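**Q** the following comprises the amino acid sequence and a computationally predicted model.
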Amino acid sequence: MSRLTQDQIARQARMGLLARACPARLAALLPDPPASEWLRKPEVGSVMVRGRTGAVGAPFNLGEMSVTRCSLQLADGRVGHAYVQGRDKDHATRAALVDALMQGAEAAQIDAAVLAPLAAEEAARRTARAARAAATKVEFFTMVRGED
């Protein structure tokens, strides 16, 4: 079993947030990306999605989904990677740029300007979805008739 460092755990969370972000919103938050050099141009492929019955059963192949991946390097040598669902090459590019930028001195600025708004919007979406689900909740109760 591998043990991850705190930096690796934070990077995983950041990469997941970027992958789940709305591409248009990410583009609005990072309108002028810095110059970079491709290590791997954005390319579209597919991955096998696995599932488990009831989240505990034996894993099975659910099907394939499209993903786009890319890797780039900033002028100062920092490298960023990204995998995003779908075929949006611009989304993958911006996610990789944020990954690279978070490895430098401007990490706090990028966190405040890009990641914090994305995290807040994702939390709001989850809360709204939970509220809609809670509104459909039905509570059953049993009344006891008489005494035995």
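**A** Cool, got the structure.
**Q** spatially central residue in this structure, please.
**A** residue 16 (2.7 Å; CA atoms, centre = their mean).
**Q** residue boundaries of the helices in this structure?
**A** Applying DSSP state H to the chain gives helices spanning 6-20, 23-29, 89-101, 107-110, 116-135.
**Q** highest mean neighbour count out of those helices?
**A** Of the helices of the chain, the one with the most neighbours on average (mean count of other CB atoms under 10 Å) is helix 89-101, at a mean of 24. All C-beta atoms are positioned from the backbone trio N, CA, C, and that covers glycine.
**Q** for residue 49, find the nearest of the helices of the chain.
**A** When those are compared by CB to CB, helix 6-20 sits nearest residue 49, at 14.1 Å.
**Q** now do the closest one: which elements does it pack against?
**A** Helix 6-20 is packed against strand 79-85, helix 89-101, helix 116-135, with contacts defined by 3 or more CB pairs under 8 Å, 6 or more residues apart in numbering; DSSP states H and E.
**Q** got any ranges where the chain has weak pLDDT?
**A** For the chain, the stretches with pLDDT under 70 are 1, 146-148.
**Q** rewinding a little: tabulate the helices and strands packed on helix 6-20 in a markdown table, adding columns for distance to residue 58.
**A** Below are these laid out as a markdown table (distance: least, CB to CB, whole Å):
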| stretch | distance to residue 58 |
| --- | --- |
| strand 79-85 | 25 |
| helix 89-101 | 32 |
| helix 116-135 | 28 |
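**Q** and residue 145, which of those is closest to it?
**A** The closest of the helices and strands packed on helix 6-20 to residue 145 is helix 116-135. By CB to CB, the value is 31.0 Å.
**Q** the closest one versus helix 6-20: what angle between them?
**A** Helix 116-135 and helix 6-20 are oriented at 70 degrees to each other (axes from the mean of the first three to the mean of the last three CA atoms, to 10 degrees).
**Q** distance from stretch 116-128 to the middle of the chain?
**A** 12 Å (CA atoms, centre = their mean, to the nearest Å).
**Q** what comes into contact with it?
**A** The contact list for stretch 116-128, computed with CB atoms under 8 Å, 6 or more residues apart in numbering, reads 17, 18, 20, 21, 22, 25, 26, 29.
**Q** can you put the residues you listed in JSON lines and add distance to residue 39?
**A** Shown next, in JSON lines, are those (distance: CB to CB, whole Å):
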{"residue": "17", "distance to residue 39": "22"}
{"residue": "18", "distance to residue 39": "18"}
{"residue": "20", "distance to residue 39": "24"}
{"residue": "21", "distance to residue 39": "22"}
{"residue": "22", "distance to residue 39": "26"}
{"residue": "25", "distance to residue 39": "26"}
{"residue": "26", "distance to residue 39": "20"}
{"residue": "29", "distance to residue 39": "24"}
